[in-house]
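A.B. asks: coordinates for the following, if possible.
(chains A and B)
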Amino acid sequence: MSARQPIDQFAAGLPGDRRSSVLGSCQAATSKRVTALADDFPHADELRRLAARIKQHTLDHLDRYLAAATDRLEEQGVQVHFADGAGEARSTIHRILADRDARRVVKAKSMVTEEIHLNEYLIERGIECLETDLGEFIIQIDGDVPSHIIRPITHKNRREIAQSFEREGLGAYNDDPEVITRRARVHLRDHYMRSQAGITGANFVSAESGRIVLVTNEGNSRFSMAPNPLHIAVVGIEKIIPRDRDLGVFLNLLARSATGQRLTVYTEFLRGPKAPRQPSGPEEMHVVFLDNGRSRILASDCREILRCIRCGACQNVCPVYRQASGHAYRSTYGGPIGAVLSPLLAGDDFASYADLPKASSLCGACREVCPVDIPIPDMLLKLRHQAHDAGLRSPGSPPMAPFAELATRPMVWRGAMSLSRAANLLPTRMLPVPALQSWLQLRTLPRWRGGEFRQWMAQRAPS
Amino acid sequence: MNREILFQRLRQSLPAEPEPYPEYDDGLLLSRTGRPENAESAFRLQFAAINGHAFDSPLPLIALLRGTGNTRGYCDPDLFSLLGRPLADAGLDVSTTFDRSRYDDYQFGITRATGAIAETGTLVLSDEVTSDRLAALAPWVHIAVVDPATIAPSVPEAIRRFGDSVHLIWVTGPSRTADVEGILIEGVHGPGVQVAYLSSASSWTAPNLPSS
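C.D. replies: You can find the predicted model right below:
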């Protein structure tokens, strides 16, 4: 077994320019968020806590709200399906498409379809399934996976993108971002117009009105639905909110937290297929509600993670994510949200992701920026305990028993503090202790000053 | 899956002490620009801040279209006498039919907006009264005709005015992306230039406008 955490290993192998790209974009996004929220809302924390309570209330009554949303959608002519897991969701979507002989599909960005690996499944079955968000399109032509919830290609630079476009026949090499964007615009338009179905996720679903809310900056979701007759929305069951009015809370927070905008450019409120009097729009609409472990998480002591509205603010602010990038988390969701959500969604495969909750210094920055105030550090600790209780050893962890022995015996502790100054004389980089050497590769051991605090305290004049 | 199985599973997963629904005042949701004294002037300000162009007469719009080389476009027939004709009289090529087979030939598209939001500089479009949604999306320049009386001061007020629209869209600025190295580029899939044409002298009526 390696002496280092998988995330540490991944981070150590990350090329310098990729690390700079991730770090720079995260710093910029964090700064924009602070400006957008603090400038506009003097009591932003109050708004975050309100959002947390509304979401928690919804989750605590999810049976009621999911039933209400389903009723509203069906009343408005939407065909509603429920999928237990990824496999059932994929086959349900495939059946809807196959029954209508829809072989050309355009897709708007959706984390839940990433979670169920929908593209690969449909493509294997002969359905052209094209991502239309610029970042996701680049991910698709590169056979890559997204590394951030909002900025899927935050790990790529313009030169890599220009090479991919050249390889795919989208024009001679040109790494000007404006040229790249225009080429994607021209290329994707043809696909929109030829498509027979559009697949999206959903950011929110109002139980009161059945409105599906979709937000995009590029307009690709709207374009996906403009020319074709069929819209399929794949929605995690946790996306419900009680009332339309609550959208005022969440839309204000989502765009500011994600990209520092007041509102995302296109916010669509869809209640069903096009009305008879409406000149254009999909004639058929399906909603596939996906459980995929969410009801199990709801029953656990980490249920608050289901409040997440996928803004990516916790990824931007996390010191571990900034150094390691999203791919280090080996799952659809990276960063602090992924360190909690991935092991939970894995269910019986918890052991494969049990190291992720350890990839945190528990600094708490993720909770401070979370628009729905999810206590992520508390959950990381709970999941660490779960891994410990399951007997899952974590690579690189020093043995804690000797420390526990010292820390529970004050006399021995005091003696050890003074004696340990001898450590300053040791050639630490020469000691044949793999865990120590691994630790020292990335860090500098400060000079040992054990016992000085007690001395200072004893000599300090009483105030 | 059988929906009853899911709902039964959900009921078994719910906590013993559920969080009550928090009562709150909409005032908490208003940003610093959410209480405008004059909705129209606030809208103009916020619209400009997101790179939108607001006009209330045809001349500056014609200058913009000419200056950017976008001289061929579509106009909702109901808006032709208000705006299409002045553009056509100035020599621009204005069509009142949107032929989807040549959607890329239209450099500008004129459609109606059912409202706007002053707080955020947002245009509100309802597909029920948009003559063709592609006309509001495919051309490089989208010109939304807005009656200033329909401008909502804030986001919560705009939500209260949802009405019964099936497909409602809020558009806050030109289509944009920052996917490539975080550099902002406008005009990805939708319009690169967003125009609001404010006119209270609308010669059109909106029989299918959602109730507000």
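A.B. asks: let me know whether residue A:146 touches residue A:135 as I believe.
C.D. replies: Yes. Taking CB atoms under 8 Å as the contact criterion, residue A:146 and residue A:135 are neighbours in contact, 7.3 Å apart. For the C-beta atoms, the positions are set from N, CA and C on the backbone; glycine is no exception.
A.B. asks: where in chain B is pLDDT low?
C.D. replies: Scanning chain B for pLDDT under 70 picks out the ranges B:201-212.
A.B. asks: switch to 50 and redo it
C.D. replies: Within chain B, the stretches with pLDDT under 50 are B:203-212.
A.B. asks: wait, residue A:85 sits on residue A:294?
C.D. replies: No. Shown here, residue A:85 and residue A:294 do not form a contact pair, counting by CB under 8 Å, at 10.5 Å.
A.B. asks: and the two? Which one has more around it.
C.D. replies: Neighbours of residue A:85 and residue A:294, each counted by other CB atoms under 10 Å in any protein chain shown, are more numerous for residue A:294; the result is 24 against 14.
A.B. asks: how much space separates residue A:94 from residue B:198?
C.D. replies: Here the distance between residue A:94 and residue B:198 works out to 48 Å (CB to CB, to the nearest Å).
A.B. asks: between these two, who's got more neighbours?
C.D. replies: The residue with more neighbours, out of residue A:94 and residue B:198 and counting by other CB under 10 Å, is residue B:198; that gives 21 against 16.
A.B. asks: bridging residues for that one?
C.D. replies: With DSSP bridges applied, residue B:198 shows beta-bridge pairing to residue B:146.
A.B. asks: right, and it touches residue B:56 too?
C.D. replies: Yes. Between residue B:198 and residue B:56 there is a contact under CB under 8 Å: 4.7 Å.
A.B. asks: residues contacting residue 29?
C.D. replies: I'll assume chain A. Contact criterion CB atoms under 8 Å, 6 or more residues apart in numbering or on different chains gives A:150-151, A:259-260, A:312-313, A:316 as the residues in contact with residue A:29.
A.B. asks: nope, chain B
C.D. replies: So residue B:29 contacts A:47, A:248-249, A:252, B:154-156 (CB under 8 Å, 6+ apart).
A.B. asks: what values do phi and psi take at residue A:212?
C.D. replies: When quoted as degrees, to the nearest 10, the phi and psi of residue A:212 stand at phi -90, psi 130.
A.B. asks: which residues touch it?
C.D. replies: Under the criterion of CB under 8 Å, 6+ apart, the contact list for residue A:212 reads A:73, A:202, A:204-205, A:233, A:235, A:268-271, A:287.
A.B. asks: tell me the pLDDT of it.
C.D. replies: Among the per-residue scores, residue A:212 shows a pLDDT of 98.
A.B. asks: same check on residue A:208?
C.D. replies: In this prediction, residue A:208 carries a pLDDT score of 97.
A.B. asks: wait, it touches residue A:72, no?
C.D. replies: Yes. Judged on CB under 8 Å, residue A:208 makes contact with residue A:72 at a distance of 7.4 Å.
A.B. asks: tell me how far the ends of stretch A:117-134 are from each other?
C.D. replies: When the termini of stretch A:117-134 are compared using CA to CA, to the nearest Å, they are 19 Å apart.
A.B. asks: actually stretch A:403-413, not the one I typed
C.D. replies: 9 Å.
A.B. asks: which positions within that stretch qualify as buried?
C.D. replies: Residues of stretch A:403-413 classed as buried under the neighbour-count rule (16 or more other CB atoms under 10 Å in any protein chain shown) do not occur.
A.B. asks: break chain A down into its domains, please.
C.D. replies: Using automatic domain parsing, the domain ranges for chain A come out as A:6-28+A:310-389, A:41-292, A:414-459.
A.B. asks: quick revisit: out of the contacts of residue A:212, who's the most crowded?
C.D. replies: If you rank the contacts of residue A:212 by neighbour count (other CB under 10 Å), residue A:270 sits at the top with 31 neighbours.
A.B. asks: phi, psi of it?
C.D. replies: Backbone dihedrals for residue A:270, given as degrees, to the nearest 10, come out at phi -120, psi 130.
A.B. asks: what do you get for residue B:55?
C.D. replies: For residue B:55, the backbone dihedrals are phi -130, psi 160 (criterion: degrees, to the nearest 10).
A.B. asks: ok, now residue B:73?
C.D. replies: Taking degrees, to the nearest 10, you get phi -160, psi -170 for the backbone angles of residue B:73.
A.B. asks: near it, how many residues? Count them for me, please.
C.D. replies: 25.
A.B. asks: what's the answer for residue A:20, then?
C.D. replies: For residue A:20, the number of neighbouring residues by other CB under 10 Å comes to 12.
A.B. asks: and what of the one 3 residues further on?
C.D. replies: The criterion is other CB under 10 Å. On that basis, residue A:23 has 16 neighbouring residues.
A.B. asks: next: the one 3 residues further on.
C.D. replies: By the measure other CB under 10 Å, the count of residues near residue A:26 is 25.
A.B. asks: and for it, nearest residue in space, chain neighbours not counted?
C.D. replies: In space, residue A:26 comes closest to residue A:316 once its chain neighbours are excluded; the distance is 4.3 Å by CB to CB, 6 or more residues apart in numbering or on different chains.
A.B. asks: so the one you found: helix, strand or coil?
C.D. replies: helix (DSSP: H, G, I helix; E, B strand; the rest coil).
A.B. asks: that one touches residue A:24, doesn't it?
C.D. replies: No. Residue A:316 sits out of contact with residue A:24 when judged by CB under 8 Å, with a separation of 11.0 Å.
A.B. asks: check the contacts of residue A:212 against chain B, which are close?
C.D. replies: Under the cut-off given by CB under 8 Å from any CB of the partner chain, chain B has A:268-271 from the contacts of residue A:212 close to it.
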